[in-house]
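> Coordinates for the following, if possible.
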Amino acid sequence: MARPSLRVMLITLLLLLLLAQVAEAQVAVSGQVRGRTGVPKSSVRVQLEGPGRYIALTNETGHFSVQDVRPGDYIVTVVERNRLKKFYFQIHPGTGPLMLEVDW
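Just a heads-up that it's a prediction; the model follows:
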């Protein structure tokens with residue numbers, strides 16, 4: 001039986017490494033933005049800045065969702081008109097919903 005060449009083994013290894021990186025990028029981040037009285041904030045921009053940059057808008061119930069987020073440490077900024085609030089999160093597979101409370 002013929003042994004695989006070094007070239008074939010290196011290409012296979014490279015493909016496996018690339019697949020591992022793609023699999024790592026498959027983190028979904030969701031959550032809700034609420035005001036200080038607990039009222040959901042709709043049409044508010046949620047920005048994630050870290051190993052990647054992502055933007056979402058909240059729906060009428062204050063919920064947002066971002067797909068394919070790279071794991072890592074993030075600054076999550078909630079922006080509504082001229083107001084903003086920053087939060088700090090570590091995003092990884094299994095991260096639960098982010099509950100973001102703003103002062104307005």
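> Return the residues in contact with Val46.
Val46 makes contacts with 31, 33, 55-58, 64, 66, 76-79, 100, as judged by C-beta atoms under 8 Å, 6 or more residues apart in numbering. Quick note: C-beta positions are derived from backbone N, CA and C, even for glycine.
> Shouldn't it be within a strand?
Yes. Under DSSP: H, G, I helix; E, B strand; the rest coil, Val46 falls within a strand.
> returning to what we had before: just the closest of the contacts of Val46 to Val8, please.
Minimum distance to Val8 across those is 38.4 Å, recorded for Val66 (C-beta to C-beta).
> That closest one contacts Leu48, doesn't it?
Yes. In this structure, Val66 is within contact of Leu48 by C-beta atoms under 8 Å, at 6.4 Å.
> Find residues that contact each of these two.
The contact sets of Val66 and Leu48 overlap at 29, 54 (C-beta under 8 Å, 6+ apart).
> sorry, back to before: which of the contacts of Val46 count as buried?
Buried subset of those (neighbour count, 16 or more other C-beta atoms under 10 Å): 31, 33, 56, 58, 64, 66, 76-78, 100.
> So which of those belong to strands?
Judged by DSSP state E, the subset of the buried ones among the contacts of Val46 located in strands is 31, 33, 56, 64, 66, 76-78, 100.
> now this structure, which segments are flagged as low pLDDT?
1-2, 14-25 (pLDDT under 70).
> could you dump the contacts of Val46 to a markdown table with distance to Phe89?
Output for those, formatted as a markdown table (distance: C-beta to C-beta, whole Å):
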| residue | distance to Phe89 |
| --- | --- |
| Gly31 | 9 |
| Val33 | 14 |
| Ile55 | 16 |
| Ala56 | 14 |
| Leu57 | 19 |
| Thr58 | 17 |
| Phe64 | 13 |
| Val66 | 12 |
| Val76 | 6 |
| Thr77 | 11 |
| Val78 | 12 |
| Val79 | 16 |
| Leu100 | 10 |
